[in-house]
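In: Pasted the sequence and its predicted model underneath.
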Amino acid sequence: MSSSPFIVEWIDRVARGGSGERRALDVAMGRGRYAVMLARSGFRTFGVDITADAVHDAMVTAAAAGVRVNGWCADLTRHPLPNARFDLVLVSRYLQRDLFPALREAVARGGVVLYETFTTAQCAKGTGPRSPDHLLEPGELLRRFDGFDVLFYDEVTAPEAVARIAARSRTLG
């Protein structure tokens, strides 16, 4: 599977937009494609996934690339994310609706969330997830980050039906 141009572009933008040690979190990181990219971009990178083999593979891939990914295996329905710890929180091709409050809280003030996943329009394509539990409704992703400053938002139907957002946590209450 190729990397998302949206995610690649926005990791680069966020990486260029700050200085000092910054932390990034890749949620549902799988085998670590984006976690490694985050680490290469200068972030102190953390990745979480429910599958132990995937976490192990991500850490091995990172080491082979000469970077470090701090990975942990966890079921996020049982183990909460730390609050206000990450300058960048990334979620790609994963939807767990009850996790949205924790994702919002995990972003440090002024930090950015990058999120991209399938919408209900993907069903018409006959590929990808089919369950409504794993598909965003039109406009849903934008609503989930109400109160954040939206840097970019898009919903497309080709080549895949996805919604994507880059949003910054507000620095003032």
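Out: Alright, I've got the coordinates.
In: From here on, just use CA atoms for contacts and neighbour counts.
Out: Fine.
In: Without its sequence neighbours, what residue ends up closest to residue 28?
Out: Closest residue to residue 28 apart from its sequence neighbours, by Cα to Cα, 6 or more residues apart in numbering: residue 49 at 4.4 Å.
In: my guess is the one you found meets residue 73, correct?
Out: Yes: using Cα atoms under 8 Å, residue 49 is in contact with residue 73, at 5.2 Å.
In: anything in contact with each of those two?
Out: Jointly contacting residue 49 and residue 73 under the rule Cα atoms under 8 Å, 6 or more residues apart in numbering are residue 55.
In: Identify the residues contacting the residue nearest to residue 28.
Out: Taking Cα under 8 Å, 6+ apart, one finds 27, 28, 29, 30, 55, 72, 73, 74, 75 in contact with residue 49.
In: And it, how close does it get to residue 93?
Out: Counting by Cα to Cα, to the nearest Å, the gap from residue 49 to residue 93 is 13 Å.
In: Spit out the residues that contact those two alike.
Out: By Cα under 8 Å, 6+ apart, no residue touches both residue 49 and residue 93.
In: In the protein, where is pLDDT below threshold?
Out: Where the chain drops to pLDDT under 70, the residues are 1, 172-173.
In: Strands along that one, start to end?
Out: 23-27, 44-49, 69-73, 86-92, 107-118, 149-156, 162-168 (DSSP state E).
In: Name the strands paired with the longest one and say parallel or antiparallel.
Out: Read that as strand 107-118. Here strand 107-118 is paired, per DSSP bridges, with strand 86-92 (parallel), strand 162-168 (antiparallel).
In: hmm, who's touching the last one?
Out: In this structure, residues lying in contact with strand 162-168 by Cα under 8 Å, 6+ apart are 6, 10, 110-119, 122, 136, 141-142, 145, 148-156.
In: Strand 149-156 and that strand, what's the angle between them?
Out: If you take axes from the mean of the first three to the mean of the last three Cα atoms, to 10 degrees, strand 162-168 sits at 170 degrees to strand 149-156.
In: Off-centre distance for strand 162-168?
Out: In terms of Cα atoms, centre = their mean, to the nearest Å, the centre of strand 162-168 is set 9 Å apart from its chain centre.
In: then that strand to PDB, C-alphas only?
Out: The C-alpha coordinates for strand 162-168 follow below in PDB (Å, rounded to 0.1, in the frame of the first residue of the first chain):
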ATOM      1  CA  VAL A 162     -12.000   9.400   2.200                       C
ATOM      2  CA  ALA A 163     -12.200  12.400   4.500                       C
ATOM      3  CA  ARG A 164      -9.000  14.100   5.700                       C
ATOM      4  CA  ILE A 165      -8.300  16.900   8.100                       C
ATOM      5  CA  ALA A 166      -5.400  18.800   9.400                       C
ATOM      6  CA  ALA A 167      -6.400  20.800  12.500                       C
ATOM      7  CA  ARG A 168      -4.600  22.700  15.200                       C
END
